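J.: Give me a 3D structure for the following:
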Amino acid sequence: MALDSYSGLQEAALSVVGREGDSSLTAYAPTAISLVEAKLNRHLRVAEMEATSTGTSDNGMLALPTDYTGWRRVEAFPYGPLEFQEPNFLASRFPNGEGGVPKYFTIQGAALITYPAYAGEIALDYYQKIPALSDINTSNWLLSKHPDVYLFLTVSELYAFAKNYEEAVTWNQRGMTAVEEVNTLDKSKRYSRISVRVKGPTP
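T.: Numbering: from 1, shown residues only. This is a model prediction of the structure:
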């Protein structure tokens, strides 16, 4: 079986667990993959997840993209980048919701909020969710590039469902090690050619 599609992933994971004919485990496989994707959205931060969304804030509020998992950079045009601060700090500093040139932003619920309140164009660089696998969306960048991540963690979820917790822990550890390897590989690709320059006179 080829580990290059949604159905192939399910077949491979069930084969590892050795329960291909178990109807309850087969029925649970899509849920297991959804749980894996939720975990990966919390732990993976790589170039393939980076996206930019631009919109117009309304009284300092801008709805976050539906596939948002974390911010990278926020810029208000034409004023430039904004600095992140915790919601409580900004609420105490700007208790009356006054408007003006934006300097800060925070995230509350499903909204990005600027302080002072700003009505204008906002660009949000963010990490987006991994496109969820399904019978319609049968593959994505992660399954194509790193199928082991999906397989190891899906197997872990299936073992947990089958109440074989020792195997679940073992396969989860393998999966999370693979996740860290993907994160490390991404960083090495980005920064391996960056050289450090020492300022000052040459001795």
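J.: in the lowest-mean-pLDDT helix or strand in the chain, what counts as buried?
T.: Sorting the helices and strands of the chain by mean pLDDT, DSSP states H and E puts helix 87-93 at the bottom, at a mean of 90. The neighbour-count check on helix 87-93 (16 or more other CB atoms under 10 Å) flags residue 90 as buried. C-beta coordinates here come from the backbone N, C-alpha and C atoms, glycine included.
J.: which is the next helix or strand following it?
T.: strand 104-108 (DSSP states H and E).
J.: what's the angle from the very next helix or strand once past that next one to strand 104-108?
T.: Using DSSP H and E, the helix or strand that follows strand 104-108 in sequence is strand 111-115. Inter-element angle recorded for strand 111-115 and strand 104-108: 150 degrees (by axes from the mean of the first three to the mean of the last three CA atoms, to 10 degrees).
J.: And strand 111-115, what's buried?
T.: Buried, per 16+ other CB under 10 Å, within strand 111-115: 112-115.
J.: Stretch 139-154 too?
T.: 140, 142-143, 146-147, 149-154.
J.: what's the closest of those to residue 58?
T.: residue 140 (32.8 Å; CB to CB).
J.: unless I'm mixing things up, the closest one is touching residue 134, no?
T.: No: judged on CB atoms under 8 Å, residue 140 makes no contact with residue 134 at a distance of 10.0 Å.
J.: Now the common contact residues for those two.
T.: Counting by CB atoms under 8 Å, 6 or more residues apart in numbering, residue 140 and residue 134 have no contacts in common.
J.: need the contact list for the most centrally placed residue in the chain.
T.: Centroid check for the chain by CA atoms, centre = their mean gives residue 41 as the closest residue, at 3.5 Å. By CB under 8 Å, 6+ apart, residue 41 lies in contact with 69, 129-130.
J.: Do me a favour and average the pLDDT over the one helix or strand it maps to.
T.: Using DSSP H and E, residue 41 sits in helix 23-43. Across helix 23-43, pLDDT averages out at 96.
J.: now the buried residues of stretch 139-154 as TSV including pLDDT, secondary structure and distance to residue 181?
T.: Below are the buried residues of stretch 139-154 laid out as TSV (pLDDT from 0 to 100; DSSP: H, G, I helix; E, B strand; the rest coil; distance: CB to CB, whole Å):
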residue	pLDDT	secondary structure	distance to residue 181
140	97	coil	18
142	98	helix	13
143	97	helix	16
146	97	coil	9
147	97	helix	13
149	98	helix	9
150	98	helix	14
151	98	helix	14
152	98	helix	11
153	98	helix	13
154	98	helix	17
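J.: Between which two of these is the distance greatest?
T.: Between any two of the buried residues of stretch 139-154 (CB to CB), the greatest distance is 16.6 Å, for 140 and 152.
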